[in-house]
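[1] kindly return the folded structure for what I paste below:
(2 chains)
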2 protein chains.
Amino acid sequence: MNSKTPLYQTIADAIKARIDAGEYKPGEKIPPIRQLTQSFGVTKATVHKAFERLKHQGLIENKVGSGSYVRFPDKIHPVPGAFDFRTDYLGEHYFPYQQPQAIFNALFDVEKARALAPTPVEGDPELRQVLSRHYHLPAERTLIISGAQQGLDLVSKVFAAKISESILFEDPTYPGAIGLFRARHFVPLEKDGPDLEQLDRRLSDRIRLFYTMPSVHNPTGISYSVEKKQAVARRAQRHGFFIIEDDYLGELKPGAPRLVDMAPDRTIHIKSFAQTTLAGIRLGLMVVPEDLLARFVFAKYSSDIASSGLLQKFMREFFKQGLYGRHIEKVRKQVNRRRSRLQAVIAQCPDCAFDPGQSGYSLWLRNANHLQLAKPPWCQGEEFSFAPAFKSFFRLAFMHMQDEVFDQSLAYLHKCLGGAKE
Amino acid sequence: MNSKTPLYQTIADAIKARIDAGEYKPGEKIPPIRQLTQSFGVTKATVHKAFERLKHQGLIENKVGSGSYVRFPDKIHPVPGAFDFRTDYLGEHYFPYQQPQAIFNALFDVEKARALAPTPVEGDPELRQVLSRHYHLPAERTLIISGAQQGLDLVSKVFAAKISESILFEDPTYPGAIGLFRARHFVPLEKDGPDLEQLDRRLSDRIRLFYTMPSVHNPTGISYSVEKKQAVARRAQRHGFFIIEDDYLGELKPGAPRLVDMAPDRTIHIKSFAQTTLAGIRLGLMVVPEDLLARFVFAKYSSDIASSGLLQKFMREFFKQGLYGRHIEKVRKQVNRRRSRLQAVIAQCPDCAFDPGQSGYSLWLRNANHLQLAKPPWCQGEEFSFAPAFKSFFRLAFMHMQDEVFDQSLAYLHKCLGGAKE
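    Residues are numbered from 1 along each chain as shown, chains lettered A, B, ... in the order given. Here you go, the predicted structure:
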């Protein structure tokens, strides 16, 4: 205990640690002040002050006559300010909306009301074929899902029992997965993939799943080396665990070998289109090992029967007409352009460091000053990790803003991070 | 044990009963033959023959070198024959597809790529307003969901622990709910709602939820009387359980009082649009009690972030322009017309009986002969209930077929059920 830290703050930190660790879960009641007074060996007033602190931080809330409860995270309601470096979706202005308009028009012309008919649970058969050709994946084990988050939710259904005990994560990792799975086991990431020694240490009999983003990792932007991918694939075969390969933005690393090819019977491959097209479409695909296929189909049926037939037909045409491929080509160029400009600005800022080998829609950087803003317009490292070391990191997502706002945002960043005069 | 039943059949029935009761779950391994030989006190050959029988019935399957497993139900893959009385969705020909075409066109004209932007977790704010006005529901507690099945899935997430122990169902009920919740507790339905004496007997401390379709019940087509609704609402308040009011086809009983109005702090109200518009759209709404709102929003986020922004905008316009209301008016007339024709045919068939006060897209009837076809073109009573009494019931859904096919289907039914010569 740091002697300069007030006692109530120490108590508040201890309670926060329990909330972070999932010991006190969102919506759950926190032990009453009386009880905490005893267990911490402090006065009622101190615990009360700690509670006030936690309330101020938005971590807990009071219910009249009923005590204090852990609040549900605000993360799910990002309220972006003027400069939004939080949102890691593609901005709408990058999307050629005339194409979907033409496709929907043609769909209703040709298919009439059939355009709105339901599809089988697994998805529109032709879309599955089209996607399997495009991505070189087996159509018969490909399911259409309502985005990558649903893919994770289906995994949590299929591996229901004690999943938080049996799933290993990269550290840092995607917060949506941490929340869904109540993550407990982590392996540190290096620049080319997981620390293999640490990985081996964490692979006990209880680990049945390893959640990974080997191409364009979120938030770090790194990609695994081929050797590390092979090492992970070998371990999955040997230890009998399943890999969840979240192919978040694999399109930005075309041609890179995938875990789903190296260990097809051990890999659950998930691909979102929310990242590459627009987030209001909400479609993705999922490839699952043969042995698990029936379970995943059942889980999908239980979740929402099937994804929208209309949106699937749109996506089918968007791929079939080659529009998706051309769109990605353009996005890739825009990403490179913005990334260069952003990196040039950050390079002028003291105490900021980043790995230049990153890809994706964001830049992951470290600020040695532990810059703490009340409402930072970016995601703080602690949203992606429980490890204290990541408190000095943050993620700047840069593909959502309009060009004009992006220019202003760069100027704002430069000022905010104390960049050298240009 | 009936002495005429072969021993292997008795063993097969006993195993089937365990599968039906959820003791052996889909995807799970069945105890090996050796073990069952001991527990039933019969020879290996008898158990083997019972397994063959179950395999033939499609209830279990072998995996090489690994034993026998409970199969996932085929129900989720209905393969309708020429005459499809199974599908209880509205046929596409009832839907004015020119209207969605025009709406999508206008959306892209006006909103451009913003039409494909994501919405908040709770749904498009304007759609929530529009729906709450249309249905007289509180907008601030209304969530947009991807269909009614997702609504049930969210309930299963929010009430995660031991839900199968704590949820009460009507008997018979919707199979999607039975499967999702591994239903165990049932209350028999009468013509005007649940048998209240039986209901009271089943309301123990462990019952935290009651799943009901009080307006246009599936599969029976009945609706609760106002008195029975009030009785259920009172019991929810008194015993502190939550009602899941699945407003499956409430539009066909306009003006009927709802549980969500009688017990707003005790009712989770779910409304699907898949039944009233077309099933490929996959949207619905859900109203939840204030106290549970944050949990449901979190569950929705964990499930699929949010429902498609594009489809929500379409639905918003469809309601705003009054098109939904007019469409329902037409559907109501068509339902009445087809129901009258179907009931007239069934009335000519011996040993068939039905309650004439039904509503909805299907007719629930009893055939005293226990008519058993190998692949009946309708849903058998046992899909909706574990009670043996329902084996002689079936549900004829009649709103999916084209007019011409409907005519032929009526003639087929007439023949198949031994109807009198006209």
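
[2] residues contacting the closest residue to chain B within the stretch 151-300 of chain A?
    Ranked by C-beta to the nearest C-beta, the top residue of the stretch 151-300 of chain A for proximity to chain B is A:Gly280, at 2.8 Å. For every residue, glycine as well, the C-beta is placed using N, CA and C. Each residue near A:Gly280 by C-beta atoms under 8 Å, 6 or more residues apart in numbering or on different chains is listed here: B:Ala115, B:Leu116, B:Ala117, B:Pro118, B:Thr119, B:Ser308, B:Gly309, B:Leu310.

[3] apart from its chain neighbours, what residue comes closest to the fifth one?
    By the measure of C-beta to C-beta, 6 or more residues apart in numbering or on different chains, the closest residue to B:Thr119 outside its immediate chain neighbours is B:Gly309, 4.5 Å from it.

[4] cool, and the second one?
    Distances taken as C-beta to C-beta, 6+ apart put A:Leu278 closest to B:Leu116, at 3.8 Å, once the chain neighbours are dropped.

[5] helix or strand: which one has that neighbour?
    Using DSSP states H and E, A:Leu278 sits within no helix or strand.

[6] so it versus B:Glu122, what's the distance?
    Taking C-beta to C-beta, to the nearest Å as the measure, A:Leu278 falls 19 Å from B:Glu122.

[7] need the buried ones from the contacts of A:Gly280 selected in PyMOL.
    To isolate the buried subset of the contacts of A:Gly280 in PyMOL, counting by 16 or more other C-beta atoms under 10 Å in any protein chain shown, use the following:
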select buried, chain B and resi 115+116+117+118+119+308+309+310
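
[8] among the contacts of A:Gly280, which ones are in strands?
    Taking DSSP state E, every one of the contacts of A:Gly280 sits outside strands.

[9] from the contacts of A:Gly280, which single one is nearest chain A?
    Distance to chain A, by C-beta to the nearest C-beta, is smallest for B:Gly309 among the contacts of A:Gly280, at 2.8 Å.

[10] quick one: that closest one and B:Val216, what's the gap?
    As judged by C-beta to C-beta, B:Gly309 and B:Val216 stand 30 Å apart.

[11] how about the residue nearest to B:Thr119, what does it touch?
    Residues near B:Gly309 by C-beta under 8 Å, 6+ apart: A:Ala279, A:Gly280, A:Ile281, A:Arg282, B:Ala115, B:Leu116, B:Ala117, B:Pro118, B:Thr119, B:Asp124.

[12] just give the nearest non-adjacent residue to the residue of the stretch 151-300 of chain A closest to chain B, would you?
    Counting by C-beta to C-beta, 6+ apart, A:Gly280 lies nearest to B:Gly309, which is 2.8 Å off, once chain neighbours are set aside.

[13] ok, that neighbour to A:Asp247 distance?
    Distance, B:Gly309 to A:Asp247, by C-beta to C-beta: 23 Å.

[14] now A:Asp205
    In terms of C-beta to C-beta, A:Asp205 sits 28 Å off from A:Asp247.

[15] more neighbours, these two?
    Higher neighbour count among A:Asp205 and A:Asp247: A:Asp247, with 25 against 9, using other C-beta atoms under 10 Å in any protein chain shown.

[16] please tell me I have it right and that one contacts A:Phe273.
    No. Contact between A:Asp247 and A:Phe273 fails when scored by C-beta atoms under 8 Å: they sit 10.9 Å apart.

[17] okay, now the unreliable bits of the stretch 51-200 of chain A?
    For the stretch 51-200 of chain A, the stretches flagged by pLDDT under 70 are A:64-65, A:72-82.

[18] all helices of it, in order?
    A:98-111, A:125-135, A:148-158, A:163-166, A:175-181, A:196-202 (DSSP state H, counting those that start in this stretch).

[19] what's the burial count for A:Met240?
    Wrong residue type there; residue A:240 is Gly, not Met. Other residues lying near A:Gly240 total 11 when counted by other C-beta under 10 Å.

[20] now for it: which residues touch it?
    So A:Gly240 contacts nothing (C-beta under 8 Å, 6+ apart).

[21] how near is it to A:Ile268?
    In terms of C-beta to C-beta, A:Gly240 sits 14 Å off from A:Ile268.

[22] and if you look at A:Ser164?
    Distance, A:Ser164 to A:Ile268, using C-beta to C-beta: 17 Å.

[23] A:Ser303 now?
    In terms of C-beta to C-beta, A:Ser303 sits 15 Å off from A:Ile268.

[24] ok, now A:Phe393?
    Using C-beta to C-beta, we find A:Phe393 at a distance of 28 Å from A:Ile268.
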